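In: What follows is a predicted structure for the sequence shown.
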Amino acid sequence: GENVEQHPSTLSVQEGDSAVIKCTYSDSASNYFPWYKQELGKGPQLIIDIRSNVGEKKDQRIAVTLNKTAKHFSLHITETQPEDSAVYFCAALISGGYQKVTFGTGTKLQVIP
Amino acid sequence: GAVVSQHPSRVICKSGTSVKIECRSLDFQATTMFWYRQFPKQSLMLMATSNEGSKATYEQGVEKDKFLINHASLTLSTLTVTSAHPEDSSFYICSARDRPYIQETQYFGPGTRLLVL
């Protein structure tokens, strides 16, 4: 089955700096990669996703890049703000059919004011 | 759009009692809902996949008789923790997927914190 590794497990950045979280996946058939933000005591919230036919996607301060050959994808947050502090999970799955999602282990991001 | 609610948000119960958690898709129809369990500082662990009108598919190691799942309508799935014990204490999260077309995106509920005394 699919295996998703996520690094780093914790990340501290100064407010205004950029943050990068990286994930690798094992199943070359995976073709959909969502990123979730989870605040303390709450459920995960989808923040951005990317499909395998796209190499990069941006949404304001958030961007995701995908390298299918190397089987890794990354989340980039620019101009970080204290409210970006949360746990971020990457995920991978195969679109269509039984869409079981495999989550990464999570990255706790702390933005220091 | 794509809002998923859970009820209750927090529950404390005595050992041996059963607890029911509801998951609702508020503004879309969900043929498939997923139930996850999350321990502190850990990732989400899929417990089962719930399909409307059929039996749930449980992940390996998850006891079917312990965690009863019912998906009676396109907007409601329930998870019942039967004869709860302290080791069942955890954060339970559901997610749902849009129905109209093949859609990979899962939308998560806010979670239910279960504490078994």
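Out: Thanks, I have it. Numbers count the residues shown, from 1 in each chain, chains lettered A, B, ... in the order given.

In: I figured A:N67 was touching A:F73, is that so?
Out: Yes: contact criterion Cβ atoms under 8 Å: A:N67 and A:F73 qualify, at 7.0 Å. Quick note: C-beta positions are derived from backbone N, CA and C, even for glycine.

In: between the two, who's got more neighbours?
Out: Per other Cβ atoms under 10 Å in any protein chain shown, whichever of A:N67 and A:F73 has more neighbours is A:F73, with 26 against 11.

In: Show me what the host helix or strand of the more buried one is packed against.
Out: Assigned by DSSP states H and E, A:F73 belongs to strand A:72-77. Strand A:72-77 sits against strand A:19-25, strand A:62-67, strand A:86-92, with contacts defined as 3 or more Cβ pairs under 8 Å, 6 or more residues apart in numbering or on different chains; DSSP states H and E.

In: touching chain B at all, the last one?
Out: Spelled out, that is strand A:86-92. Yes: against chain B, strand A:86-92 shows contacts by Cβ under 8 Å from any Cβ of the partner chain at A:F89.

In: what is the mean pLDDT for the helix or strand following that strand?
Out: Next along the chain after strand A:86-92, taking DSSP H and E as the criterion, comes strand A:102-103. Mean pLDDT, computed over strand A:102-103, is 91.

In: one step back: could you identify which of the helices and strands packed on strand A:72-77 is most buried?
Out: Stretch with highest mean neighbour count among the helices and strands packed on strand A:72-77: strand A:86-92 (a mean of 24; mean count of other Cβ atoms under 10 Å in any protein chain shown).

In: Direction included, what does that strand pair up with?
Out: Strand pairing for strand A:86-92, using DSSP bridges, gives strand A:32-38 (antiparallel), strand A:102-103 (antiparallel), strand A:107-112 (antiparallel).

In: List the contacts of the first one.
Out: Okay, so that is strand A:32-38. Applying Cβ atoms under 8 Å, 6 or more residues apart in numbering or on different chains, the contact partners of strand A:32-38 are A:23, A:25, A:44-52, A:64, A:66, A:73, A:75, A:86-95, A:101, A:103, A:106, B:104-106, B:108.

In: Going along the chain, name the helices of chain B.
Out: Ranges of helices in chain B, per DSSP state H: none exist.

In: Where does the prediction get shaky in chain A?
Out: Along chain A, the parts satisfying pLDDT under 70 run over A:96-99.

In: tell me the centre residue of chain B?
Out: By Cα atoms, centre = their mean, chain B has its centre lying nearest to B:W35, at 3.5 Å.

In: Contacts only, for the closest residue to that one other than its chain neighbours.
Out: Excluding the flanking residues, the one nearest B:W35 by Cβ to Cβ, 6 or more residues apart in numbering or on different chains is B:M47, at 4.6 Å. The contact partners of B:M47, taken as Cβ under 8 Å, 6+ apart, are B:35-37, B:58-59, B:62, B:67, B:79.

In: For B:M47, give me the pLDDT.
Out: The predicted local confidence for B:M47 is 95.
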